[in-house]
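> Make a model of this:
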Amino acid sequence: MLRRLIVIVTAAILFNSSLTLAESKKPIPPDKFPPSPLEITTPDPLLPRLPKDKQPLTLEEQQKLEPALDALNQEAGVKLQAGDQVAALEIWNRELRLRRFLGSLAEVQALSRVGAIAWNQNDSPEVQYITQRLQAIQKQAESQKTTAEIDLELWRSLGQAYQNVRSPKLALEAYNQVLLVVRQQKNPTAVVEILKTIGEIHLSWFDYRKAAPIYEELLGLATSQGERVNEVTYLQRLADIYEQTNQPQQSLNVLNKLAEIYVNENNLTEIPELKLAIASDYESLAKKDPNLLLEAFKNYQEAYTTAWQLQEYVRAGEALQKLIALYRSQGQTDAALQASQILVQTQTQAANFYGMMQAYDQIGQLYLERKEFSQALTAFKKGLELAQQLKYEEVYFTGQIEKLSKANL
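Model (predicted):
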């Protein structure tokens, strides 16, 4: 009984001690995180004087300060290279605090540079501090009265800085502000430049649906100005976008334009791949409109024919495989068998022994569907010869041959 009482008392003491310790170490509220090192206001010896009443440094004072800050940047780089990341960021933060005395543009460009380094070093707090400071500068810039007064170089730099700290939404806000102004200024070159930047941001974050209208606009501008190289580039981008977003009709519109350009320029090397993509889109659309299957067949055949003419036998084989699968899905066994026999020749030209083996297997299966067992047996035996050379699927072909041999006994 006494022993039990001692245990109970001891447990109570330990519980109360733990409770007291827990109370003495209360968690820090979310709004009580350490202040940003970029907002430290302690006077710095590099400043020629403490600016009063927000009076900026004179041009002469700025010219004296700038090389000292460049030296800090180099010193921080040396520290980082030596493996002392903490010391490096302390120096860079000091540099960034002082850069603001050189004006918003100089500060943003420095924040952008250090932000990229902080991201590469996986320093999340530093990235957060820099992002917050960039937002403060942006808010100040937004206080300007009219778009005519907007400093385009500053806003472009803000966009790049946000990209460096991987804040795409904020980057797009900055670039859209620039786009608004250059549209008003009727500056087509600048419009194209910013649209390309915006499009690339959307693509880099896999936001294909928002990228689509951007590249459609770029395509329209390139087409109207007769810029054929850019037109092809934007069509290719759109083809990828519509494929990623599973929009076969939009994809077809783009691919057919590309095909027309390549044919007009006699650039046939691009045609087989294009025709394969076009046929695939028609095949997808045929699920709702079966009449479009004819277009799928036609484009697969054109992909094969052109690839064969160009001696691109691997691509020709790919087109035949697609064509055979389509024939079989439609119950056209005879056509599938004929295409499979052509496939053997194509894979032979490509020296693709694995592809030849698969083609013979396909032929064997098709003959089985037609109940032509002797032809199927011949096909499987040829497949086995290749399987033995490759040391692959030997058991499978042997099994097929044994089944047919027993059935014929």
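> Excluding chain neighbours, what is closest to Leu293?
Excluding its sequence neighbours, the residue lying closest to Leu293 (Cβ to Cβ, 6 or more residues apart in numbering) is Ala286, at 4.5 Å. Placement of C-beta: from N, CA and C, glycine included.
> shaky segments in this structure?
1-34, 50-54, 145-149, 408-409 (pLDDT under 70).
> what about Asn120, how many neighbours?
Using other Cβ atoms under 10 Å, the number of residues around Asn120 comes to 9.
> Distance of it relative to Arg113?
Separation of Asn120 from Arg113 (Cβ to Cβ, to the nearest Å) stands at 11 Å.
> Run through the residues that contact the closest residue to Leu404 other than its chain neighbours.
Spatial nearest neighbour of Leu404, chain neighbours left out: Leu377 (4.5 Å); criterion: Cβ to Cβ, 6+ apart. Contacts for Leu377 were tallied using Cβ atoms under 8 Å, 6 or more residues apart in numbering; they are Gly364, Ile401, Leu404, Ser405, Asn408.
> Over to Leu377. Which of the three states is it?
Three-state call for Leu377 (DSSP: H, G, I helix; E, B strand; the rest coil): helix.
> so how far is Ile342 from it?
Counting by Cβ to Cβ, the gap from Leu377 to Ile342 is 21 Å.
> Repeat that for Ala110.
65 Å.
> which of the two has more neighbours?
Neighbours were counted for Ala110 and for Ile342 using other Cβ under 10 Å; Ala110 has more, 21 against 18.
> Quick check: the more buried one vs Asn264, distance?
Applying Cβ to Cβ to Ala110 and Asn264 gives a distance of 50 Å.
> And for Gln321?
Using Cβ to Cβ, we find Gln321 at a distance of 29 Å from Asn264.
> Specify which residue of these two has the higher count of neighbours.
For the pair Gln321 and Asn264, the greater number of neighbours falls to Gln321 (21 against 9), based on other Cβ under 10 Å.
> for that one, what are its contacts?
Taking Cβ under 8 Å, 6+ apart, we find Gln321 in contact with Leu343.
> which parts of the helix or strand containing it are buried?
Gln321 belongs to helix 313-329 when assigned by DSSP states H and E. Neighbour-count burial for helix 313-329 flags 313, 315-324, 326-328 (criterion: 16 or more other Cβ atoms under 10 Å).
> Dump those into JSON lines; add distance to Glu193 as well.
Shown next, in JSON lines, are the buried residues of helix 313-329 (distance: Cβ to Cβ, whole Å):
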{"residue": "Tyr313", "distance to Glu193": "43"}
{"residue": "Arg315", "distance to Glu193": "36"}
{"residue": "Ala316", "distance to Glu193": "41"}
{"residue": "Gly317", "distance to Glu193": "43"}
{"residue": "Glu318", "distance to Glu193": "38"}
{"residue": "Ala319", "distance to Glu193": "39"}
{"residue": "Leu320", "distance to Glu193": "45"}
{"residue": "Gln321", "distance to Glu193": "43"}
{"residue": "Lys322", "distance to Glu193": "40"}
{"residue": "Leu323", "distance to Glu193": "44"}
{"residue": "Ile324", "distance to Glu193": "47"}
{"residue": "Leu326", "distance to Glu193": "44"}
{"residue": "Tyr327", "distance to Glu193": "49"}
{"residue": "Arg328", "distance to Glu193": "50"}
